[in-house]
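**Student:** Provided below are the primary sequence and the corresponding predicted coordinates.
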Amino acid sequence: MEFSHESVVVRRGRRSRLPIVVAVHSTALGRAVGGCRMWAYDSWEDGLRDALRLSEGMTRKCAAAGLPNGGGKTVVVLPAGRSVTADERRAALHDVGDIVAELGGAYVTGPDAGTGPADMAVIGERTENVFCRPEAVGGSGDPSPFTALGVVAALRSTCLALFGSPALAGRRFAVIGLGHVGEQVARQLAAAGADLVLSDVDPAKRSLGAELGAVFAEPDAAATAEVDVLVPAALGGLLTRDLVPRLRCGAVAGAANNQLADPGVAELLREREILWAPDYIANAGGVVNAVSREVLGDEPEEAVKRIESIADTLTGLFETAARTKITTAQAADDLARRLLASPVPTARGLA
Ligand SMILES: NC(=O)c1ccc[n+]([C@@H]2O[C@H](COP(=O)([O-])OP(=O)(O)OC[C@H]3O[C@@H](n4cnc5c(N)ncnc54)[C@H](O)[C@@H]3O)[C@@H](O)[C@H]2O)c1
């Protein structure tokens with residue numbers, strides 16, 4: 001594997017004794033941004049691999065979203081099969097804060113799987129280079145509602161490409177995963193008059209289905225339901241070579257990261273004429289909001305406008321992919337590469 005990262009710190013936390021990886025993939029467009037994942041892995045090497053892959057993905061995501069930032073990621077490798085105590089967790093967050101501080105502003109961390117705004121406040125006790133602290137302490141708070149807003153913008157753009165109109169009313173969507181993002185997406189779709197199939201492995205989420213008048217289905221049944229758009233909002237890897245031939249949707253667009261089980265799945269979707277909204281384009285709303293509010297100093301309405309422009313970016317990608325007979329995944333990667341090759345640094349975006 002080619003080493004394309006600018007710097008990678010792998011360290012056993014001084015306080016927590018847990019393996020911590022802070023990977024800075026690129027600062028070509030400006031300071032690297034990317035969340036802090038606290039997750040159980042079988043080994044620290046698995047955590048390292050994840051940090052390398054995710055930080056590279058953040059570079060593409062920021063570039064394609066038009067942000068003056070590069071990509072980074074932190075992974076705190078939790079011990080498999082044992083939960084950590086509150087003290088261990090706090091110690092690990094302080095360890096992360098110290099490493100981020102040592103990078104001198106080249107990288108700004110934020111929430112990711114296993115962490116939230118309250119954890120960012122703890123990291124903030126060691127470094128200023130942290131996004132999404134609670135609003136009460138001056139941060140932009142939970143990014144999930146903004147990710148959901150961006151996903152709904154992506155769904156409008158997807159409907160425009162499928163039906164010639166961005167209207168959501170009367171369209172049928174299957175949302176898989178009703179967590180922080182998926183629940184908000186489902187609520188916004190229901191409010192817009194869409195028809196919903198909802199799914200989650202957590203049976204407690206059935207009540208959301210009842211509240212929104214939706215059909216609740218098991219994940220596999222929801223994934224293969226006859227709908228206009230399938231909306232993955234759980235874990236990655238949903239779109240496998242086994243699932244794609246069984247899909248009965250016109251398009252797939254959602255929040256989940258790394259939806260393609262392998263890159264070749266993008267071509268299978270294209271062959272079946274199922275339109276795929278590249279995940280890192282559709283789910284950029286959270287990072288766009290954080291950078292917009294906390295780096296660029298935008299007012300909330302400006303941040304929302306930036307998030308909603310995800311729809312225009314996607315529309316452009318759908319058109320490019322159709323015109324040049326490439327996958328939408330390729331079109332998105334080409335866009336990110338182009339923007340990375342011609343950085344237009346702004347004073348506010350640079351380290
Ligand atoms: N939160 C954000 O701002 C954000 C930003 C970008 C990308 N994402 C991505 O969006 C996805 C959802 O994020 P989230 O913050 O809502 O996570 P979350 O943990 O709050 O919710 C995930 C939900 O999916 C359910 N789930 C897990 N496995 C499932 C399965 N196999 N089938 C059906 N349901 C399943 C869980 O029970 C949970 O309700 C993740 O892939 C995440 O990486 C989130």
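**Tutor:** Looks like it came in fine.
**Student:** and the residue of the stretch 1-150 of the chain found nearest the ligand, what element?
**Tutor:** Closest approach between the stretch 1-150 of the chain and the ligand, counting by CB to the nearest ligand atom: T147, at 3.5 Å. (Glycine included, C-beta is placed from N, CA and C.) Taking DSSP states H and E as the criterion, the element that holds T147 is helix 144-163.
**Student:** quick one: buried residues of that helix?
**Tutor:** 144-162 (16 or more other CB atoms under 10 Å).
**Student:** check what pLDDT M1 gets.
**Tutor:** Note on M1: pLDDT of 65.
**Student:** the one 10 residues further on now?
**Tutor:** pLDDT for R11: 98.
**Student:** next one: the one 10 residues further on
**Tutor:** Reading off the per-residue confidence, V21 sits at a pLDDT of 98.
**Student:** now do the SS call for it.
**Tutor:** Counting by DSSP: H, G, I helix; E, B strand; the rest coil, the backbone at V21 sits in strand.
**Student:** what do you get for E273?
**Tutor:** coil.
**Student:** the ligand versus that one, what's the distance?
**Tutor:** Going from E273 to the ligand by CB to the nearest ligand atom, to the nearest Å gives 25 Å.
**Student:** tell me, how many residues neighbour that residue?
**Tutor:** E273: 8 surrounding residues under other CB atoms under 10 Å.
**Student:** got it, and A92?
**Tutor:** Counted by other CB under 10 Å, the residues lying close to A92 total 27.
**Student:** and it, that's in a helix?
**Tutor:** Yes - A92 sits within a helix when classified using three-state DSSP.
**Student:** give me the pLDDT for the spatially closest residue to it that is not a sequence neighbour.
**Tutor:** Taking CB to CB, 6 or more residues apart in numbering, and ignoring the residues beside it in sequence, A92 has S16 as its nearest neighbour in space, at 3.9 Å. Note on S16: pLDDT of 97.
**Student:** residue closest to the middle of this structure?
**Tutor:** With distances taken as CA atoms, centre = their mean, the residue of the chain nearest its centroid is N283 (4.5 Å).
**Student:** list the contacts of it.
**Tutor:** Remark: with contacts taken as CB atoms under 8 Å, 6 or more residues apart in numbering, N283 is in contact with T147, G150, V151, V181, G254, A255, A256, N257.
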